[in-house]
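In: need coordinates for the following:
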Amino acid sequence: MSILEAAPKSEQSASKPIQNACITLQHRNMSEQELVKLCLTEVFLSNGYADPHSLAQRDYENVSQAIEAKTGILISISTLKRLVNGHFARLPQVATLNAISRYLGYQHWQDYRSTVKSKIPIEGINIPRRKFVLKRSLPKTLLYSSILSLLFVLFITSRSSLKDAGAGSEEAKFSVKKVTANDLPNTVVFSYNVDNIEADSFFIQQSWDKNRRVRVYKKQYTLTDIYYEPGYHTAKLIANDVVIKTLGVSIPTRDWFFYAKRRFPYGAPSYIYPQQPIQDGELGLQAADLGQNGLNVGAQNNYTYTYFPSQWPVHSDNCIFKTRVRVQELKKNPCPFLMLEVFCQQHFMYFISMPKGCTSEAKLQFGDLILDGKTTDLSALGADVTDWMEIKIEVRNRLVTIYYGDKRVYTCTYSKSAGKITGIGFISNGLCKIDNIELKGLNGTVFYQNDFEQVQ
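Out: Numbers count the residues shown, from 1 in each chain. Take a look at the predicted model:
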């Protein structure tokens, strides 16, 4: 439980300086290092962490993920620790400063900088755009100790000589080519040049998965890697812990593509090549397909059906996706699930449905909005996925509405677009049976429609 908590937005305009625990400033102007520490401290406060010195590794991970989800910029745990503790001799690169400023609702670092400096009084600190109210049950000694700890973080002197990615970031070179057209697996060749970039370390990350990050070096200009799954992947060139370049790597499919994974979403896939994926007007795998492809029917696997065309000129912010689907269980499972995903250029768009008694494990993401059934009530998404379900996802100007049949079951909004749609997918711990699919724009233009009545 945090020591300070943010007040409702309606109260934020009445922000006042923290009283009775201010350190008198000898100079009205704060140094740039102090401003960075102030900004980071406010980021931690907004996530419910009042004292960065007492945080566990997982707490730093939560803040790092929150910043990346909202701004698209990855700031590593080690960098967060250095900045919030003042262990840096020179300012971080502009991308990092802009990310932490944007996270707090400012346009960029200069916006934050000018706003904060204009609000610093002679004898106190006024944290802008936030009001913090004290929990009534909090002991005064603990309160004062926590506030003083925060103020100490803001004013300690930095002596570290660690470098941040900075000068020359715009001069970085980053390109990619595929060894084969669209085969899987697919080796790609990354060409890069970071010789003029000042940083301690460099990495190329294949996609959203941080486990696919490989270290690269100056005076070396080539890295090859393997993509095992189709889709639109965003590769990242990283200096220290900041993404300085991105590339789209598209590996489309000729038609529907099937594979299994023991641990979703991680791990290597096992490809499944069914002899006849369309039968009796339905798209889906059969239990016999698994054995013919070397898979144990009784094993705990998640099965993915994906379709990635070369191009779909439909934007994720305004679209309608409809399908009729059910899950055929391979073995008795207390929580069979169905995940519907609309793959996009940037963020993910998906939700997971399962029996209502299992919805603690449900998840949802649209654009930068990420919800977990552990901390959000997603019970409305609960359903018997083993029975036929008519599902519709309607997105209008980033307002998402999910329907089961004619019933509206969930509504949410997101702020950061996921870009154009690149594919669609079904994932389950059973075998999906799909009766029909339709993807169209709000003007009625149909981009994909299939009732699987004829073998294609």
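In: what's residue 279 in contact with, if anything?
Out: Listed by Cβ atoms under 8 Å, 6 or more residues apart in numbering, the contact partners of residue 279 are residue 286. In this view, the C-beta of every residue, glycine as well, is placed from N, C-alpha and C.
In: from residue 240, how far out is it?
Out: 53 Å (Cβ to Cβ, to the nearest Å).
In: in the protein, which helix or strand is least confident?
Out: Every helix and strand of the chain was ranked by mean pLDDT, DSSP states H and E. The lowest is strand 4-6, at a mean of 32.
In: ok, then the element right after it?
Out: Counting by DSSP states H and E, the next helix or strand C-terminal to strand 4-6 is helix 32-46.
In: how many neighbours does residue 234 have?
Out: Neighbour count for residue 234, taken as other Cβ atoms under 10 Å: 19.
In: then residue 58?
Out: 8.
In: next SSE after the helix or strand hosting it?
Out: Per DSSP H and E: residue 58 is located in helix 57-71. Remark: after helix 57-71, the chain's next helix or strand is helix 77-84, criterion DSSP H and E.
In: show me where the protein has its helices.
Out: Per DSSP state H, the chain carries helices over the ranges 32-46, 57-71, 77-84, 94-103, 109-118, 140-155, 287-292.
In: quick check: chain neighbours aside, which residue is closest to residue 392?
Out: Spatial nearest neighbour of residue 392, excluding adjacent residues (Cβ to Cβ, 6 or more residues apart in numbering): residue 403 at 4.2 Å.
In: likewise for residue 104?
Out: Per Cβ to Cβ, 6+ apart, closest to residue 104 is residue 42, 5.9 Å.
In: now swap in residue 299 and tell me
Out: residue 262 (7.4 Å).
In: tell me how far that neighbour lies from residue 301.
Out: Distance, residue 262 to residue 301, using Cβ to Cβ: 6 Å.
In: same thing with residue 348?
Out: 21 Å.
In: what of residue 376?
Out: Counting by Cβ to Cβ, the gap from residue 376 to residue 301 is 27 Å.
In: neighbour-wise, which of these two wins?
Out: Shown here are residue 376 and residue 301; by other Cβ under 10 Å, residue 301 has more neighbours (22 against 14).
In: who's in contact with the more buried one?
Out: Per Cβ under 8 Å, 6+ apart, neighbours of residue 301: 260, 261, 262, 270, 295, 429.
In: report the beta-bridge partners for the fourth one.
Out: It refers to residue 270. Note on residue 270: beta-bridge partners by DSSP bridges are residue 260.
In: could you number the chain from 37 rather than 1 from now on?
Out: Okay, residue one is now 37; in that scheme the one you just asked about reads as residue 306.
In: residue contacts, it?
Out: Contacts of residue 306 by Cβ under 8 Å, 6+ apart are 295, 296, 297, 329, 330, 331, 337.
In: pull out the buried residues from those residues.
Out: 295, 296, 297, 329, 331, 337 (16 or more other Cβ atoms under 10 Å).
In: ok, so of the residues you listed, who is nearest residue 69?
Out: Using Cβ to Cβ, residue 297 is the member of those that lies nearest residue 69, at 45.4 Å.
In: quick one: that closest one from residue 338, how far?
Out: For residue 297, the distance to residue 338 - Cβ to Cβ - is 5 Å.
In: counting neighbours, what do you get for the residue nearest to residue 419 when sequence neighbours are not counted?
Out: Using Cβ to Cβ, 6+ apart and skipping residues adjacent in sequence, the residue nearest residue 419 is residue 389, 5.2 Å away. Neighbour count of residue 389, defined by other Cβ under 10 Å: 30.
In: what does residue 451 give?
Out: By other Cβ under 10 Å, the residues close to residue 451 number 9.
In: how close does it sit to residue 130?
Out: Applying Cβ to Cβ, the value for residue 451 to residue 130 is 22 Å.
In: isn't the residue nearest to residue 140 right up against residue 142?
Out: No. Here residue 78 does not reach residue 142: they are 10.5 Å apart, not a contact under Cβ atoms under 8 Å.
In: lowest-confidence entry in the contacts of residue 337?
Out: Taken together, those show their lowest pLDDT at residue 298, with 83.
In: now do the phi/psi pair for that one.
Out: In terms of degrees, to the nearest 10, the main-chain angles of residue 298 are phi -70, psi -40.
In: so what's it up against?
Out: Residue 298 touches 335, 336, 337, 338, counting by Cβ under 8 Å, 6+ apart.
In: quick check: phi and psi at the first one.
Out: Dihedral angles of residue 335 (phi, psi; degrees, to the nearest 10) stand at phi -70, psi 160.
In: could you report the neighbour count for it?
Out: Counted with other Cβ under 10 Å, the neighbours of residue 335 add up to 12.
In: next: the one 10 residues further on.
Out: The number of residues packed around residue 345, counting by other Cβ under 10 Å, is 16.
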